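1. Return a 3D structure for these sequence lines:
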Amino acid sequence: EVGIAERIRCGAEVVKVVDRPAEPRVRVVYRQAAATHELSAGHVIFCTGSLQRPFNPKLPGEEAFGGPVVLGLGSEANSLRFAGKRVCVLGMGAFAIENARLALLSGAAHVDMIVRNRVPVTSRFTRILNILSAGGFFHERGDPAYSPRFGLPETIDRNALHHQQYAKTGALDARPDRTDRGGTPGTTSDIFFLGHALGRLAIHRGIAESLEPGQVVARARDGSLQRFAADI
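-> Residues are numbered from 1 along each chain as shown. Purely as a prediction, here's the structure:
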């Protein structure tokens, strides 16, 4: 509707970016379909991914664990055989939720997620409500952005709907520690709730400290040690 398609360059390779402080525009040279093109912009943002250095923790006892230990970024987990296995996922960010989803859809017997903080997870249904209400669903009542003009009736209580998702699927122990929009952003996953409903997914607050043969050792919030059976 606003001409975005005309501004997307697919299959392009950036050759160089020339930023001259004395000039108001930045020059970008790129190659596409064997031809060289040039454009200018006020700002250039690099989002290549390769500039990032992901945190890769090493836990004591990895050699004795006896199963695969992978960094769940990109496609590293895609080649694993999850069928019938117990899987332990560290963290609850977008990659963690995606890896838990992958494991369950690939036939994992059970997935335990060890998390420092429980972050919001929502179903696609509530995301659709948010789209239909032009973003109004995820605004608190009284917020200037929350308005009936978005098409969201005042009778809808978004917090009650969120609570019902957790309650009706047996996921109350996975409810977020904070409900504001700060901290780790929430993710969308129907499998998260289905996994809880089927008794194949569980959230545990704590910090993984080490690995032992066939299990992950984590320290809970009260200082006690917990052990979780795991193949991956």
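2. Pro120: neighbour count?
-> Using other C-beta atoms under 10 Å, the number of residues around Pro120 comes to 22. Every residue, glycine included, has its C-beta placed from N, CA and C.
3. for the chain, what helix or strand is lowest in average pLDDT?
-> Using mean pLDDT, DSSP states H and E, helix 124-132 stands out as the lowest-scoring helix or strand of the chain, at a mean of 78.
4. so Gly11 sits right up against Ala33, yeah?
-> Yes: at 7.1 Å, Gly11 counts as touching Ala33 under the criterion of C-beta atoms under 8 Å.
5. re the thing from before, packing partners of the least confident helix or strand of the chain?
-> helix 158-168 (3 or more C-beta pairs under 8 Å, 6 or more residues apart in numbering; DSSP states H and E).
6. Next one: the spatially most central residue of the chain from Glu13, what distance?
-> Computing the C-alpha centroid of the chain and ranking residues by C-alpha atoms, centre = their mean puts Ala94 first, at 0.8 Å. For Ala94, the distance to Glu13 equals 28 Å [C-beta to C-beta, to the nearest Å].
7. Can you give the contact residues for the longest strand along the chain?
-> Counting by DSSP state E, the longest strand found in the chain is strand 201-212. Outside strand 201-212, the residues that touch it by C-beta atoms under 8 Å, 6 or more residues apart in numbering are 59-62, 64-65, 69, 88, 90, 92, 100, 104, 110-118, 171, 173-174, 192, 195-196, 216-221, 225-228.
8. Buried residues in stretch 1-20, which are they?
-> By neighbour count with 16 or more other C-beta atoms under 10 Å, stretch 1-20 contains no buried residues.
9. what's in contact with that stretch?
-> With contact meaning C-beta under 8 Å, 6+ apart, stretch 1-20 is reached by Val26, Arg27, Val28, Val29, Tyr30, Arg31, Gln32, Ala33, Thr36, His37, Val44.
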